[in-house]
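Colleague: Sequence and predicted structure are below.
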Amino acid sequence: MYQRLFAGALLLACIGLGVIAWDYHAPFSYEPVGPRAYPMLLLGLLGAGLLCLMFKQPAAADGHEEELQLSMAVIRKMVICVTLMLAYAALFEVLGFILASLLFGIAMSRLYDGRWLCSLIAGVVLAVGLYLLFDKALDVPLPLGILSALEI
């Protein structure tokens, strides 16, 4: 029940933020998709996930949801996850998008028990693929950081 209430409250917040983001227009634009595309995309994905949480069927046969228990292992993973996100934000411009995303992807994969080889492959594919998508296809400039010498 608490999960559905939380999802509903967060969905209302997403809708409110979407209304605010929809009217956002920068006085100048160096990106062809404009400054509101990224927040709208994130809010849309978050809203879709929240709708799934709100309307999913209960797992138990008697119709009651089983509440998730917060064990020390879950709390530890949550703390590590938040720490990794803060480190990603701090290293984003210094290391650049590709290296920061690569390290973040590998660390998150390993945090959730991914094998080293799979984590490395996923990190490389995501970091390079997202860089090419945003920087080349959508023309959204991303920092290269210490890899700036490779820029053509």
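Modeller: Perfect, thanks for sending it. Numbering: from 1, shown residues only.
Colleague: And the protein, what are its domain boundaries?
Modeller: Domain assignment for the chain by automatic domain parsing gives 1-67, 69-152.
Colleague: ranking those by burial, who's on top?
Modeller: When neighbours are counted by mean count of other Cβ atoms under 10 Å, the highest per-stretch mean among the domains of the chain falls to domain 69-152, a mean of 14. (Each C-beta comes from the backbone N, C-alpha and C, glycine too.)
Colleague: circling back: will you turn the domains of the chain into JSON lines that also has mean pLDDT?
Modeller: Rendered in JSON lines, the data for the domains of the chain read as follows (pLDDT from 0 to 100):
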{"stretch": "domain 1-67", "mean pLDDT": "76"}
{"stretch": "domain 69-152", "mean pLDDT": "86"}
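Colleague: ok now do the most centrally placed residue in the chain, which residues does it touch?
Modeller: Central residue check for the chain by Cα atoms, centre = their mean: the C-alpha nearest the mean position is that of Leu42, 7.8 Å away. Leu42 is in contact with no residue at all, counting by Cβ atoms under 8 Å, 6 or more residues apart in numbering.
Colleague: Quick check: it vs Gly8, distance?
Modeller: Leu42 is 19 Å from Gly8, where distance means Cβ to Cβ, to the nearest Å.
Colleague: what about stretch 20-39, how long is it end to end?
Modeller: Counting by Cα to Cα, to the nearest Å, the length from the leading to the trailing residue of stretch 20-39 is 10 Å.
Colleague: quick one on the thing from earlier: what strand or helix carries the residue nearest to the centre of the chain?
Modeller: Leu42 belongs to helix 37-55 when assigned by DSSP states H and E.
Colleague: nearest spatial neighbour of Val94, skipping sequence neighbours?
Modeller: Using Cβ to Cβ, 6 or more residues apart in numbering and skipping residues adjacent in sequence, the residue nearest Val94 is Gly145, 5.7 Å away.
Colleague: shouldn't that neighbour be in contact with Ala100?
Modeller: Yes. With the criterion set as Cβ atoms under 8 Å, Gly145 and Ala100 qualify as a contacting pair; they are 7.3 Å apart.
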